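Chemist: Sequence first, predicted coordinates after that:
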Amino acid sequence: MGFGLAEAQASGSARGRPWIQARPRGVQADLYRAEAQRILDGQFRLFGKDVFLGFPPKWNRDPKSGIDAPGYFGKTLDYRDEERFGDSKSLWEPNRHMELLTLAQAWQLTQDVRFAAGARELIESWLVQCPYPMGPNWCSSLEVALRLANWAVAWQILGGDQAPLFASEDGLRFKDAWLTSVRQHCHFVRRYLSGYSSANNHLLGELFGLFLGTTTWPCWTESAEWQRFARTEFVRQALLQNAADGVNKEQAIWYQYEVADMMLVAGLCARANGQDFGAAYWERWERMLEFVSSCLDVAGNVPAIGDSDDAVIVRLGVPGDVSVFHSLLATGSVLFHRDDFKFKAQSFDDKSRWLLGDEGVDKFDAIELGVGARALRQEFPLGGYYVLGSEFNTADEVRIVADAGPLGFLSIAAHGHADALSFTLSAAGQPVLIDPGTYCYHTQPEWRAYFRGTAAHNTVRIDGVEQSVSGGNFMWLRHARPCDVTFSRAVEGQRLTAAHDGYRRLRDPVIHRREWDYRVGERVLVVRDEIESALDHELEMFWHFSPQSVVALSTHDATVRCGNVSVQMRLPVELEAAVVRGVDGEKAGWVSSHFGEKSSASSLIVRGRVGKNWRGETDFRVSFGRQSADAELRTLKNS
């Protein structure tokens, strides 16, 4: 036998305590059976799309390009080299082994041995095709760590140390091979932790995987030291990388989810094993959920601020269950007994059931929705986000999420976009003004530059240059910094003012100031822009609309219709306006609703040459084409 099982047996077969429920109440076994069968038939889900990879897949092949990455020592491979590597994101995604969890869940719920056998075949094929430490799957410590985390969860669902898979002599050989690779995964992550400018969510994810791995399998000589280190550093980084007001410092909403999910799973693992992370940790996580709740509109839409790769950390539910944000809020409602979180979550999803079990279901059902269920926080001053609007969490809602925050985390701000003083607007659950999203990471650098650039956000560009200076796909050399931020609110409305210094680097330095003035009674948002300068400059103002929106432009006015919502825009009279929709090759009028996908949508570009200290005003008047459900209910009650 290899050193994995032999040393584990010598240590007394120590194992961590499970934190996943074996067969939670209310989970529909047929859904997991169908999903597991799809996997055995070779269908995998890649960034939300069905892709045929075969079973088992070619683990070193990029599904998008069909390129087989070279099998050299992993740390010497350049995963940015498209010609030799393909698209590293699409290659790595199935290698995180989230399908392994689905197979394990289907076996646990149905006891169909085909699914347990499929789980074993998936792992064994990977061990054969991806020997330590060779090839593209031994390249990124984050990918190694997230695979290790999913292995830890699958191990528990399959039955742990006494799993039927290990009952025979042949099963013991498989167990030995798997444990050997577990140890290699832990060793690799500990040795190649991200540092310096990359010490962002990558480092947190690496510590997450190492903590889950060493807590699930505290079997080897190094395990205790690895676990102590991972626990201490994970808690420290979780508090460092998330501001006290609950905003993740990457300044990217999807990474808010990814980090919050890592914190949740690691925290429950630690709690089950007598190593709770403490009050400050959980208080920070609760604040993070408050930010998520404030960003979600009444229909559950989330602004696509910053980078998003659609990656899921631990996939315990079936596709189409609920959004990852609703799932976090459902779990949080139970852990903190928050009726506002329950109100936004709406239901107790499968992932929450697997994490919290039947007791969690009972606690969720027992939470009563009180007067505070529709309340929300509007100020996140450390993260720089502010929520304006009226009738929040009702069918008459107007919700504006404004960005007056920093570019991103650390010096490279890897996942931030040049979106200073941008904002989104949703009405009655209909996204009207949107953030167009991300589209791609390592490939297609021109599109990467567009989607993270100033022109792809609802803000102002001066002289055709970016607010911040890019140094590559995941690097900003110079940051636009927010300043002079003030926020006030009263019964009649809210007002936010902010500025940024991104254009101070121009030969004639420029400061862009913006004021958002929302008037509750009128449902009117007045946006006032001011360009402080000594000379004339070329100004462009961008407004990006959801794909469902229809935009009609007259000389200095525009009408935007989306579902039952109508928005009347009044534009600065001295500027020219044009509506554009995406055309292949042109970098305007595009939206990326999912990673790797883009589609055309309407954008309104307002431009012209403006003099020194120019001021302009854009009005947005929101109205509904018919009575909302809440308004109809009030009419019936008063009749």
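Modeler: Yep, it's here. Numbering: from 1, shown residues only.

Chemist: Could you report the distance from S390 to G521?
Modeler: S390 is 8 Å from G521, where distance means CB to CB, to the nearest Å. For the C-beta atoms, the positions are set from N, CA and C on the backbone; glycine is no exception.

Chemist: Quick check: neighbours shared by those two?
Modeler: G493 (CB atoms under 8 Å, 6 or more residues apart in numbering).

Chemist: the more surrounded of these two?
Modeler: S390 (19 against 9; other CB atoms under 10 Å).

Chemist: what about that one, distance to L433?
Modeler: According to CB to CB, S390 and L433 sit 16 Å apart.

Chemist: L239 now?
Modeler: 34 Å.

Chemist: neighbour count winner among these two?
Modeler: A direct count of neighbours by other CB under 10 Å for L239 and L433 places L433 higher, at 26 against 17.

Chemist: Let's verify the closest residue to that one other than its chain neighbours: helix, strand, or coil?
Modeler: Counting by CB to CB, 6 or more residues apart in numbering, L433 lies nearest to L425, which is 4.0 Å off, once chain neighbours are set aside. Secondary structure for L425, judged by DSSP: H, G, I helix; E, B strand; the rest coil, is strand.

Chemist: neighbours around L425, how many?
Modeler: 29.

Chemist: just G26 next, same as before
Modeler: 10.

Chemist: and what of the one 10 residues further on?
Modeler: Neighbour count of A36, defined by other CB under 10 Å: 25.

Chemist: Surely it and G118 touch.
Modeler: Yes: counting by CB atoms under 8 Å, A36 touches G118, with 7.1 Å between them.

Chemist: who touches both of these two?
Modeler: With CB under 8 Å, 6+ apart as the test, A36 and G118 both reach L103.

Chemist: next structured bit after the helix or strand containing R147?
Modeler: Per DSSP states H and E: R147 is located in helix 141-158. Using DSSP H and E, the helix or strand that follows helix 141-158 in sequence is helix 169-191.

Chemist: what residues does that following helix touch?
Modeler: Against helix 169-191 from outside (CB under 8 Å, 6+ apart): 1-6, 8, 120, 123-124, 127, 132-133, 138, 141, 144-145, 147-148, 151, 164-166, 206, 209-210, 213-214, 217, 219-220, 222-223, 226, 229.

Chemist: Pull out the buried residues from those residues.
Modeler: Buried residues within the contacts of helix 169-191, counting neighbours by 16 or more other CB atoms under 10 Å: 4-5, 8, 120, 123, 127, 132-133, 138, 141, 144-145, 147-148, 151, 165-166, 206, 209-210, 213-214, 217, 219-220, 223, 226, 229.

Chemist: quick check: domain ranges of this structure?
Modeler: The chain breaks down by automatic domain parsing into domains covering 1-241, 251-377, 384-624.

Chemist: CSV for those, including mean pLDDT?
Modeler: As requested, the domains of the chain are exported to CSV (pLDDT from 0 to 100):
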stretch, mean pLDDT
domain 1-241, 93
domain 251-377, 96
domain 384-624, 96
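
Chemist: sorry, back to before: ok, the residue nearest to L433 - contacts?
Modeler: Shown in contact with L425 (CB under 8 Å, 6+ apart): V398, R399, I400, P431, V432, L433, L525, V567, F620, V622.

Chemist: rerun that using 10 Å as the cut-off
Modeler: 297, 303, 388-389, 398-402, 431-434, 458, 518, 525, 543, 545-546, 560, 565, 567, 620, 622 (CB atoms under 10 Å, 6 or more residues apart in numbering).

Chemist: Can you tell me who it pairs with across the strands?
Modeler: I400, L433 (DSSP bridges).
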